[in-house]
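J.: Below are the sequence and a predicted model for it; my questions follow.
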Amino acid sequence: MALSEYKLALVTGASSGVGAACVRALREKGVDVVALARREDRLAALADETGCRTMSLDLMDTDAIYAKLPGLDADILVNNAGLGRGYEGFLKSSAAEIDQMVDLNVTAAFHVTRALAEGMAERKSGHIVQIGSIAALYPIGFPVYGATKGAVHLFSQHFRTELSGTGVRHTEICPGRIATEFFDAAFKTQEDRDAFLSGYSPLQPDDVAAAVLFALDAPWHVNVSTIELTPTEQVPGGAIIEQARSN
C-alpha cells in the first residue's frame, strides 16, 4: 500500500515543528489529516493553511486517548509528540522533569499507538511512524530523554514482530538535531539553546517530513523499519574521556 492508497492520517504534536511539517506534507499528497495537539490557536492556523482537521487533546490523559482516537479509523499514525527536559544533566533534573518525559515520550506514545493499531490490524492495512531520536541509538549525554526514546526504539522493534501477518507497517525515524521549538523547552536559557544549535547546519522539520513520506510511499511489500537521520556535521557516538582525579 503506497501513500496514494491511504485515506486518513493522525499526526500528534502537530502544532509546530516536525508535526506541522508532516501535516503540510501529507496534505500536499492529498491525504486527509487530523492534526492533534494542545494549542488550539496553532491548530486553527494550521487548519486554515492546509485544510487539515484538528483535535485538541492532552496526551497525558489516557482516558481521553481511548475515548477519542480508536473511532478515527486512521490509516497512518505519525506519533510525533514528545518533549525534552533535563539537558543540564540527570543529576540536575527535577523529579517533575523526569516524570514529564516518561509520561509523554513513553506512556502516551504507547497508548496512542495501541488506540489506533488495533483497528489497523483488524482492517489488515495501515502504517505507524514513530518519531524517535538519535539519542535512542547512541549515548549523547541526555540520560532520561535518551532512555525514553530508547524505550520507543525497542518497542518499535518488538512491536514489528507482533504486527507480522497483519499488513500493518511500522517505521521508526531517528533524527539528530532539528531546528524547532523543541529546544526552547529543553533549555532554560536562550543562550544555551543558541549554543546547542550554532556552528553547524541542523536538520529542518521538512527534512524529517520528507523521510516520513519516503517510508509511507514505499511499495506495500517494503517496510522501512528504521531511518537514522542526522545533520551532515553531526556525527553521534564516540567517547568522552575526562580525568576525574590524579593518580
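T.: Cool, the structure landed.
J.: What confidence value was assigned to residue 193?
T.: Listed pLDDT for residue 193 reads 64.
J.: quick one: buried residues of the longest helix along the chain?
T.: For the chain, the helix with the greatest residue count under DSSP state H is helix 143-163. Buried residues in helix 143-163, defined by neighbour count with 16 or more other CB atoms under 10 Å: 143-153, 155-156, 159-160, 163. Where C-beta positions appear, they are placed from N, C-alpha and C, glycine not excepted.
J.: Identify, from these, the entry nearest to residue 36.
T.: If you rank the buried residues of helix 143-163 by distance to residue 36 using CB to CB, residue 152 comes first, at 17.5 Å.
J.: Quick one: residues contacting the closest one.
T.: Contact analysis of residue 152 by CB atoms under 8 Å, 6 or more residues apart in numbering lists 105, 106, 109, 130, 132, 136, 172.
J.: give me the number of residues near residue 234?
T.: By other CB atoms under 10 Å, the residues close to residue 234 number 15.
J.: quick revisit: mind putting the contacts of residue 152 in JSON lines, distance to residue 75, secondary structure and pLDDT included?
T.: Formatted as JSON lines, the contacts of residue 152 follow (distance: CB to CB, whole Å; DSSP: H, G, I helix; E, B strand; the rest coil; pLDDT from 0 to 100):
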{"residue": "105", "distance to residue 75": "24", "secondary structure": "helix", "pLDDT": "95"}
{"residue": "106", "distance to residue 75": "25", "secondary structure": "helix", "pLDDT": "97"}
{"residue": "109", "distance to residue 75": "19", "secondary structure": "helix", "pLDDT": "97"}
{"residue": "130", "distance to residue 75": "16", "secondary structure": "strand", "pLDDT": "98"}
{"residue": "132", "distance to residue 75": "21", "secondary structure": "coil", "pLDDT": "96"}
{"residue": "136", "distance to residue 75": "26", "secondary structure": "helix", "pLDDT": "93"}
{"residue": "172", "distance to residue 75": "18", "secondary structure": "strand", "pLDDT": "98"}
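J.: For residue 71, state which of these is nearest.
T.: residue 109 (19.7 Å).
J.: is the nearest residue to that closest one once chain neighbours are set aside in a bridge, and if so with what?
T.: Leaving aside its sequence neighbours, residue 109 sits nearest to residue 79 (CB to CB, 6 or more residues apart in numbering; 5.4 Å). Counting by DSSP bridges, residue 79 forms beta bridges with residue 130.
J.: I'd assumed residue 111 was in contact with residue 79.
T.: No - counting by CB atoms under 8 Å, residue 111 is not a contact partner of residue 79; they are 10.3 Å apart.
J.: The two: who's more crowded?
T.: Neighbour comparison, residue 79 and residue 111: the larger count goes to residue 79, with 26 against 18 (by other CB under 10 Å).
J.: Next one: that one from residue 114, what distance?
T.: 11 Å (CB to CB, to the nearest Å).
J.: can you check residue 167 too?
T.: With CB to CB as the criterion, residue 167 and residue 114 are 17 Å apart.
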